[in-house]
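[1] sequence-free structure coming up:
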């Protein structure tokens, strides 16, 4: 089993630290790509350890060793749902109600060149939440956030980074979810046309012979 959540979908990895948010979103079980990585504590621990090691290399920041408890598992799943709603809030299918505040701490640390860096702080999953929100903010400042999307196939919902020139992508994979949606729409149009034809048929008058 792959502990890279996004790799299971074959999607393009989001750049820089935004991949951390993408990884969390893609832990959800979808279609035939694998189970929910946050359903079992052992699976979640392996995923988290691997993901934070990758984030630490990309962000050039240390990541703590987080050992998950059953309470942490519930927190992780809530955090995933929150970020799904944040992504959806930027698209056409907005969730109902206002989004809750992040309510996480961060540190602002100047580096050797005088640039101020946002550094996650806190303990346990609070640190992870701090890192995720910090990466979301940095991605928004860099203009990358609108390109992180959830596949429009509601049975899939894979998080993908839209690299198209006009940022118009809606499917994580056109050959699978895109074709499935087009086939569904085609069948629905045929069904409606068939129904319309049946309704009109009795009104057709046969010529008198």
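    Cool, the structure landed. Keep in mind that this is a model prediction, so the values were computed, not measured.

[2] output the below-cut-off pLDDT ranges for the chain.
    Low-confidence segments of the chain (pLDDT under 70): 1-2, 32-33, 91-98, 178-209.

[3] which residue is nearest the centroid of it?
    residue 159 (3.3 Å; Cα atoms, centre = their mean).

[4] does it have beta-bridge partners, and which?
    Beta-bridge pairing for residue 159 (DSSP bridges): residue 150.

[5] what is the neighbour count of residue 105?
    13 (other Cβ atoms under 10 Å). (Glycine included, C-beta is placed from N, CA and C.)

[6] enumerate every residue touching it.
    Applying Cβ atoms under 8 Å, 6 or more residues apart in numbering to residue 105 gives the contacts 121-122, 126, 130.

[7] would you mind measuring from it to residue 169?
    Counting by Cβ to Cβ, to the nearest Å, the gap from residue 105 to residue 169 is 34 Å.

[8] if we can go back for a sec, so which of the contacts of residue 105 belong to helices?
    In helices, judged by DSSP state H, the following of these are found: 126, 130.

[9] now rank the contacts of residue 105 by neighbours and give me the top one.
    In terms of neighbours by other Cβ under 10 Å, the contacts of residue 105 top out with residue 130 at 21 neighbours.

[10] what pairs with the closest residue to that one other than its chain neighbours across the strands?
    Distances taken as Cβ to Cβ, 6 or more residues apart in numbering place residue 120 nearest to residue 130, at 3.9 Å, with adjacent residues excluded. Beta bridges link residue 120 to residue 106, judged by DSSP bridges.

[11] how close does residue 120 sit to residue 141?
    Taking Cβ to Cβ, one finds residue 120 at 16 Å from residue 141.

[12] more neighbours: the two, which one.
    Using other Cβ under 10 Å as the criterion, residue 120 and residue 141 rank with residue 120 on top: 24 against 10.
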